[in-house]
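>>> structure here, sequence nowhere to be found:
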């Protein structure tokens, strides 16, 4: 009986630690540090501050390459992984701008120069505010909003997908829910403070979804991507021979895959394609 009671006490203490420390694990912003210096000077880039009840949160808008008489452009709203900052992504994602698509990089509360603390609630308010701000612009086609989330960012864009209209969603190395990881830590699911239930959103999402996942992902198992793909009403899945942090292993292939997905779903005007090479034919799942 003493052994049972001692084991129970140890487990309860362990669960309390998991409850208290889980946001440090989910949002390891302290390991990233503050950005060095001012934001980069990129032609046309606008720094947009989002006012939330948690404080001001930074976002960057990078406009598409376009002519003055071009119609309103589609826009990608991007959410990065939990160990990253928006500072890491302007150059990596500038191909969207070359395609004639605007790009909005949204920071998480408490990350980088932004105020507040990260949580599902604060991220929800931030990303919905970002959507409302960018979708009202006269140079943006509000019917062609594309949501792109990498890793934790999948949870952020799924929040938008559940509350605002969008034309398509791309989930890259993302998860079904944070709650699904509870068994890994031998913790009851009700202790999860920020569940980010992507699976329920994907099940009800009416528009096309592109699922991208590495089959050797050591952080978010490949099975999460497969489950999301199978649950979606209209989805395409692309598998890369990669892990988590090296996904995609080849950015040129990634851009071909993304452009093909956007063209096939009539979100990207074929005349604005800039890759200059014939895209290979793909099956719905690869």
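On my side now, so go ahead. Note that this is a predicted model, so its numbers are computed, not measured.
>>> for the closest residue to residue 192 other than its chain neighbours, grab phi and psi.
Nearest non-adjacent residue to residue 192, counting by Cβ to Cβ, 6 or more residues apart in numbering: residue 179, 4.7 Å away. Where you see a C-beta, it was placed from the backbone N, CA and C, and this is true even at glycine. In terms of degrees, to the nearest 10, the main-chain angles of residue 179 are phi -60, psi -30.
>>> isn't residue 179 right up against residue 195?
Yes: contact criterion Cβ atoms under 8 Å: residue 179 and residue 195 qualify, at 4.7 Å.
>>> what's whichever strand or helix holds residue 50 in contact with?
When elements are assigned from DSSP states H and E, residue 50 belongs to strand 46-52. Contact partners of strand 46-52, identified using Cβ atoms under 8 Å, 6 or more residues apart in numbering, comprise 39, 56-61, 63, 104, 106, 109, 116, 122, 125-126, 129-130, 133-134.
>>> and those residues, which are buried?
With burial judged by 16 or more other Cβ atoms under 10 Å, the buried subset of these is 57-61, 63, 104, 106, 109, 116, 122, 125-126, 129-130, 133-134.
>>> just the strands in the protein please.
For the chain, the strands defined by DSSP state E cover 46-52, 55-62, 73-79, 102-106, 140-150, 168-172, 209-214, 235-240.
>>> quick one: closest of these to residue 35.
strand 55-62 (9.6 Å; Cβ to Cβ).
>>> now for the closest one, which elements pack on it?
When contacts are defined as 3 or more Cβ pairs under 8 Å, 6 or more residues apart in numbering; DSSP states H and E, strand 55-62 packs onto strand 46-52, strand 102-106, helix 120-135.
>>> surely residue 220 is in contact with residue 173?
Yes: applying Cβ under 8 Å as the test, residue 220 and residue 173 come out as touching, 5.8 Å apart.
>>> pick out whichever of those two has more residues nearby.
residue 173 (28 against 22; other Cβ atoms under 10 Å).
>>> so how many other residues sit close to the residue nearest to residue 120 when sequence neighbours are not counted?
Leaving aside its chain neighbours, residue 120 sits nearest to residue 194 (3.8 Å; criterion: Cβ to Cβ, 6+ apart). By other Cβ under 10 Å, the residues close to residue 194 number 20.
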